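A.B. asks: Show me the folded form of this:
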Amino acid sequence: MTPMEKLNAYFHRHDGEILVPCCGWRPAKPAKDFKAGDVMVCTGGATQEIVKVAPCGKTMVHLFVKCSDGNIYDKRCKAETLYAYKA
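C.D. replies: Below you'll find the model as predicted:
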């Protein structure tokens, strides 16, 4: 197993959870499964509300998120990347 595979195995459980630094294990889902109104959990427990999800090519997703400062930011990510969310 390569070092990157070991790292991925540590941070991703097979039961749909990922390890969020300073927060512990949180439920996770792929970026493509997020919908407007969902809340992502970030490092340290910060949250971002999903405002809009738009496909960006064949394997990418464009997420528009509202942060705690009230501003809306965009982020592009792979559709299969797991992100923690508030259940």
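A.B. asks: what bits of this structure have low per-residue confidence?
C.D. replies: For the chain, the stretches with pLDDT under 70 are 11-14.
A.B. asks: can you pull out the helices in it?
C.D. replies: Remark: helices of the chain, listed N- to C-terminal, are 3-11; assignment by DSSP state H.
A.B. asks: most residues in a single strand of it, which one?
C.D. replies: strand 47-56 (DSSP state E).
A.B. asks: residues contacting the residue lying closest to Cys56 once chain neighbours are set aside?
C.D. replies: Counting by CB to CB, 6 or more residues apart in numbering, His62 is the residue found nearest to Cys56 once chain neighbours are left out, at 4.2 Å. From N, CA and C alone the C-beta is placed, and that goes for glycine too. Remark: with contacts taken as CB atoms under 8 Å, 6 or more residues apart in numbering, His62 is in contact with 53-56, 74-76.
A.B. asks: Of these, just say which sits nearest to Pro30.
C.D. replies: Distance to Pro30, by CB to CB, is smallest for Val53 among the contacts of His62, at 11.2 Å.
A.B. asks: Neighbours of that closest one, how many?
C.D. replies: 18 (other CB atoms under 10 Å).
A.B. asks: do Leu63 as well
C.D. replies: Counted with other CB under 10 Å, the neighbours of Leu63 add up to 22.
A.B. asks: Ok, Lys78 next?
C.D. replies: Look at Lys78: counted by other CB under 10 Å, it has 13 neighbours.
A.B. asks: Isn't it up against Gly57?
C.D. replies: No: with contact taken as CB atoms under 8 Å, Lys78 and Gly57 are classed as non-touching, separated by 10.1 Å.
A.B. asks: Do I have it right that Ala9 meets Thr2?
C.D. replies: No: between Ala9 and Thr2 there is no contact under CB under 8 Å: 10.4 Å.
A.B. asks: So between those two, which is more surrounded?
C.D. replies: Here Ala9 and Thr2 are set side by side on neighbour count (other CB under 10 Å), and the busier one is Ala9, at 11 against 7.
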